[in-house]
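Engineer: what would the 3D arrangement of this be:
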Amino acid sequence: MDEILGQVLRSAVRERLDVLSELADRADASSLLSVARSELPRLTAGWRALLTAHEADEKGNCPECSGRRRPTKAPCSVWESAYEHLIAGALAPRPARHQRPAHALQPATPVP
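Structural biologist: Residues are numbered from 1 along each chain as shown. Take a look at the predicted model:
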């Protein structure tokens, strides 16, 4: 039963992420704004809850990733992944305009 429930949960989460990715890639500006307003608070709350569960204990170990015999020092892979996706990925240089896909280009604003 737990295996089936796990599959259902993983499938539902992956499907939701696929839908959000599709919206981010293809939605018009008004739809995208609506989705951002509803989903960004939920996603940030989810990240916060996940990171709180992986906060270092008094010994400097991650309580979620540590086993009885093998402690995992903080920051664990969850914190490293959060940093990679939320911080480092946001700071990554964007490709030059001529190297971006055509759908990613925005029309230039004329200078008055």
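
Engineer: which elements pack onto the helix or strand of the chain with the lowest mean pLDDT?
Structural biologist: When each helix and strand of the chain is scored by mean pLDDT, DSSP states H and E, helix 89-91 comes last, with a mean of 75. If you count contacts as 3 or more Cβ pairs under 8 Å, 6 or more residues apart in numbering; DSSP states H and E, helix 89-91 packs onto no helix or strand. All C-beta spots, glycine's among them, are computed from the backbone N, C-alpha and C.

Engineer: let's number from 860 now, not from 1
Structural biologist: Noted, 860 is the first residue going forward, which turns the last one into helix 948-950.

Engineer: please parse this protein into its domains.
Structural biologist: As given by automatic domain parsing, the domain ranges for the chain are 871-912, 913-948.

Engineer: ok, back up a step: what's the offset of the least confident helix or strand of the chain from the middle of its chain?
Structural biologist: 12 Å (Cα atoms, centre = their mean, to the nearest Å).

Engineer: just give me the neighbour total for A933.
Structural biologist: 18 (other Cβ atoms under 10 Å).

Engineer: now T931
Structural biologist: Neighbour tally, T931, other Cβ under 10 Å: 17.

Engineer: which residue is the nearest non-sequential neighbour of it?
Structural biologist: Of all residues not flanking T931 in the chain, C924 sits nearest, at 3.9 Å (Cβ to Cβ, 6 or more residues apart in numbering).
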